[in-house]
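Q: what's the 3D shape of this:
(one chain, ligands or ions: 1)
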Amino acid sequence: MLKIKPTNINYNEAVISIRDLYKSFGHNHVLRGINLDVYKGENVVVLGRSGTGKSVLIKIIVGLLKPGKGSVNVLGMEVDKLNGAELRELRLKIGFSFQHSALYDSMTVRENLEFPLVRHRKSLTRSEVNNAIDEVLDAVGLLQTKKQMPSELSGGQRKRIGIARTLILQPQIMLYDEPTAGLDPISSIEINNLINEVQEQYHTSSIIITHDLTCAKATGDRVAMLLDGKFIRQGTFDEVFGTDDERIRIFFDYNFIK
Ligand SMILES: Nc1ncnc2c1ncn2[C@@H]1O[C@H](COP(=O)(O)OP(=O)(O)OP(=O)(O)O)[C@@H](O)[C@H]1O
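A: Just a heads-up that it's a prediction; the model follows:
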């Protein structure tokens, strides 16, 4: 049961705009002419086989890697022209939900959420902090876990808390790296729904990196297929996969789709 996607996307405003992006490591030419716009309120899914450069792309977007050639504009700023302080400022507007971004095991759920908040929003009062924690826990449907330790949660619940920890800083952009990896089908559907709810309630724009075609179909307003350093096809899920292109069919046929 997948949620119907909201359609509150502003196609006149790109929050991420990438033009002719190249990136090599020695003779390994990973990105070879990437063009991508992510519009305000849009979920864009990036699909591609292992090693095609999806993580490199994300790292360039947040300024962790320098582009070789080309321009990367995020929230109106050219990322590779920013100094350290400006980059830190920009990153506060971007929520990362990385595959291996573990919670702090020695802290309760509440403390895990409090930690980024008190670090980055020093002027908040105690009651504002408490309200913010309750609000994000409610948004991810896990208010009842506030006093629990991460080890007491299921894998799906831990992912949800990871997303809550990111949301608490109210990012404008969300980057999800393999959000459903390692989850059973029911927990995966819950995460897909959560990604759509976050989009709707927090008005975020997102890039979702995944191999999971069910996730791509459920969450992506647009899907972009990365191959040989370029997006070889972009469009809705059905537009991308409604093709005889062998390179895309093979990706589809080898992934189980419900
Ligand atoms: N810092 C680095 N130095 C050298 N090579 C790198 C570096 N980061 C990534 N690469 C290379 O870039 C290529 C793309 O890596 P990347 O991690 O982006 O793949 P991916 O598409 O995210 O794969 P996966 O789906 O397995 O996570 C790989 O060949 C990798 O070895």
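Q: tell me which parts of this structure are close to the ligand?
A: Contact residues, the chain versus the ligand (Cβ under 6 Å from any ligand atom): 25, 28, 30, 48, 50-56. For every residue, glycine as well, the C-beta is placed using N, CA and C.
Q: among these, who's most crowded?
A: Gly53 (24 neighbours; other Cβ atoms under 10 Å).
Q: phi, psi of that residue?
A: Torsion angles at Gly53 (phi, psi; degrees, to the nearest 10) stand at phi 110, psi 20.
Q: so what pLDDT did it get?
A: Note on Gly53: pLDDT of 94.
Q: Put the alpha carbons of the longest strand along the chain into PDB.
A: Ranked by number of residues, the top strand in the chain under DSSP state E is strand 10-25. Taking Å, rounded to 0.1, in the frame of the first residue of the first chain, the C-alpha atoms of strand 10-25 are listed here in PDB:
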ATOM      1  CA  ASN A  10       7.800  24.200  -7.900                       C
ATOM      2  CA  TYR A  11       9.300  23.600 -11.300                       C
ATOM      3  CA  ASN A  12      10.400  27.200 -11.500                       C
ATOM      4  CA  GLU A  13      12.900  26.900  -8.700                       C
ATOM      5  CA  ALA A  14      15.800  24.400  -8.800                       C
ATOM      6  CA  VAL A  15      17.400  23.800  -5.300                       C
ATOM      7  CA  ILE A  16      20.200  21.800  -6.900                       C
ATOM      8  CA  SER A  17      21.500  22.600 -10.400                       C
ATOM      9  CA  ILE A  18      24.400  20.600 -11.900                       C
ATOM     10  CA  ARG A  19      25.900  21.400 -15.200                       C
ATOM     11  CA  ASP A  20      28.500  19.400 -17.200                       C
ATOM     12  CA  LEU A  21      30.000  17.900 -14.100                       C
ATOM     13  CA  TYR A  22      33.100  15.700 -14.400                       C
ATOM     14  CA  LYS A  23      35.100  14.000 -11.700                       C
ATOM     15  CA  SER A  24      38.000  11.600 -12.100                       C
ATOM     16  CA  PHE A  25      40.300   9.800  -9.700                       C
END
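Q: in the following helix or strand past it, what counts as buried?
A: Going down the chain from strand 10-25, the next helix or strand is strand 28-40, by DSSP states H and E. By neighbour count with 16 or more other Cβ atoms under 10 Å, strand 28-40 contains the buried residues 30-32, 34, 36-40.
Q: now do stretch 227-241
A: 227, 229-234, 237, 240-241.
Q: for the stretch 51-200 of the chain, what spans make up the strands?
A: 69-74, 77-78, 94-97, 173-177 (DSSP state E, counting those that start in this stretch).
Q: Let's have those strands in CSV, adding mean neighbour count.
A: Formatted as CSV, these follow (neighbours: other Cβ atoms under 10 Å):
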stretch, mean neighbour count
strand 69-74, 18
strand 77-78, 14
strand 94-97, 22
strand 173-177, 23
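Q: Flag whichever of those strands has the least confidence on average.
A: When I compare the strands of the stretch 51-200 of the chain, strand 94-97 is least confident, with a mean of 87.
Q: Give me the sheet partners of that strand and which way each runs.
A: Sheet pairing for strand 94-97, assigned by DSSP bridges, gives strand 173-177 (parallel).
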